[in-house]
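Participant: coordinates only, sequence not included:
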């Protein structure tokens, strides 16, 4: 007589009652180890008996016990008794533990992806290493030469009220009738300054920049003007007697009516200057004005 698989059963394990379940579910729980033959079953929760002594489930549970025993034997020996084929050692080891906790394919893929990414980043870093070293060396050399190179001293702004001293800056200043007799103004800067009728007699004006300055009718007698720059200066009717103009630059200067008696003019440049007679000096006139 076949067993009725539609009969529902309750299970009691360690005092905990669960169910109702079919005999198929109870058989599977027994195979999976969720139930043992010592646990109780009942179809009405009134009369209980162990699975081992249950006559109605005996044939089915006996088959479940055999299946469970065969699985344990497979795990111990590393063989699959069902098809008599040897399983791999790795598979046998996995079966000895919790087979549901084995690493998933997703985790394996993620680990491989991370490893490949690290290898690619390491290769990229190796490719960038030497160019980076070269750039750092170039920057170091640039910084080294920038520190070692002489720094240009910025030109101070003109201060028209400052005293007559060496390196004074009177550029673009309006100082007509200025009296600075017997003063030391070497390396002073008087570019484009307005100095009409001023008195610089006996003063030290060596290396002074008087380019495009207006010195009309000024007194520069006995002054030292060595290496001075008088390019384009207006020296009309100026007194330059007994001055030392050695190596001075008077290119394009206006010397109309100027007094140059007894002045020293070694290597003075008179290129395109207007001579005392009002005539233009020829290019490359050095030491003297060569009239065109």
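Facilitator: Looks like it arrived, so ask away. On a predicted model such as this, the values are computed, not experimentally measured, just so you know. Numbers count the residues shown, from 1 in each chain.

Participant: for the stretch 1-150 of the chain, which spans come out with low pLDDT?
Facilitator: Within the stretch 1-150 of the chain, the ranges that satisfy pLDDT under 70 run 1-6, 55-107, 109, 124-129, 148-150.

Participant: Quick one: the helices in it, in order.
Facilitator: Taking DSSP state H, counting those that start in this stretch to define them, one finds helices in the stretch 1-150 of the chain at 23-32, 58-77, 89-96, 105-148.

Participant: Check which helices and strands the first one sits against.
Facilitator: In other words, helix 23-32. Secondary structure elements in contact with helix 23-32, counted by 3 or more Cβ pairs under 8 Å, 6 or more residues apart in numbering; DSSP states H and E, are strand 8-13, helix 58-77. Every C-beta, even on glycine, is put in place using the N, C-alpha and C of the backbone.

Participant: ok, 6 Å please
Facilitator: Packed against helix 23-32 by the contact rule (3 or more Cβ pairs under 6 Å, 6 or more residues apart in numbering; DSSP states H and E) you find helix 58-77.

Participant: Count the neighbours of residue 275 for me.
Facilitator: 20 (other Cβ atoms under 10 Å).

Participant: What residues does it make contact with?
Facilitator: 255, 281, 289 (Cβ atoms under 6 Å, 6 or more residues apart in numbering).

Participant: what about 7 Å?
Facilitator: The contact partners of residue 275, by Cβ atoms under 7 Å, 6 or more residues apart in numbering, come to 255, 281, 289, 291.

Participant: so what's the nearest residue to residue 168 once chain neighbours are set aside scoring on pLDDT?
Facilitator: Once flanking residues are discounted, residue 168 sits nearest to residue 188: 4.7 Å by Cβ to Cβ, 6 or more residues apart in numbering. Note on residue 188: pLDDT of 95.

Participant: pretty sure residue 188 is touching residue 173, no?
Facilitator: No: counting by Cβ atoms under 7 Å, residue 188 stays clear of residue 173, with 11.1 Å between them.
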